[in-house]
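Undergrad: Generate coordinates for the sequence data below:
(one chain, ligands or ions: 1)
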Amino acid sequence: MNDNTIGSLVPIYGIASPDLGCSCEHHAICGSLVHIDMLVRFKKMVVYSEGANRCVIGHVPEKLSEYFHRLEGRIAQVYTIYHLSKDSNRMAFSNKNDGVCHAILVDKGIAYR
Ligand SMILES: [Zn+2]
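TA: From the prediction side, this is the model:
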């Protein structure tokens, strides 16, 4: 991810973990809801699904902190889910980071309209 354009790919970590608030009264691990093509919204460095419960499903890695302000409130569509991959490198990366998916930005966000 190197700019604020639609189509940027944003990694989301922690989707297989209940940490960082990724657990609610309905789900032990809210990131377990993540599926290909679902829409998520970036909110204060974490990601909410757009379901009725507005679950926190994971977080954007700290190494991208310089982009957090550009992501606020924007909507992205889940593109890859690493732990569903047959690629052993992706599986290992996912395990190391408590579950990893990537989502593609599909709106410009309020700041850029
Ligand atoms: Zn939940």
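Undergrad: Residue 83 - nearest residue in space that isn't next to it in sequence?
TA: What sits nearest to residue 83 in space, not counting adjacent residues and going by Cβ to Cβ, 6 or more residues apart in numbering, is residue 94, at 4.4 Å. Where you see a C-beta, it was placed from the backbone N, CA and C, and this is true even at glycine.
Undergrad: Would you mind identifying the next helix or strand past whatever helix or strand the one you found lives in?
TA: Using DSSP states H and E, residue 94 falls within helix 88-96. Under the assignment DSSP H and E, the closest C-terminal helix or strand after helix 88-96 is strand 100-105.
Undergrad: tell me which parts of the chain are close to the ion?
TA: Applying Cβ under 5 Å from the ion, one finds that the chain approaches the ion through 24, 26, 27, 30, 55.
Undergrad: need the contact list for the fourth one.
TA: Put plainly, it is residue 30. Applying Cβ atoms under 8 Å, 6 or more residues apart in numbering, one finds that residue 30 lies in contact with 18, 22, 23, 24, 49, 53, 55, 56, 57.
Undergrad: ok, and the closest non-adjacent residue to it?
TA: What sits nearest to residue 30 in space, not counting adjacent residues and going by Cβ to Cβ, 6+ apart, is residue 55, at 3.5 Å.
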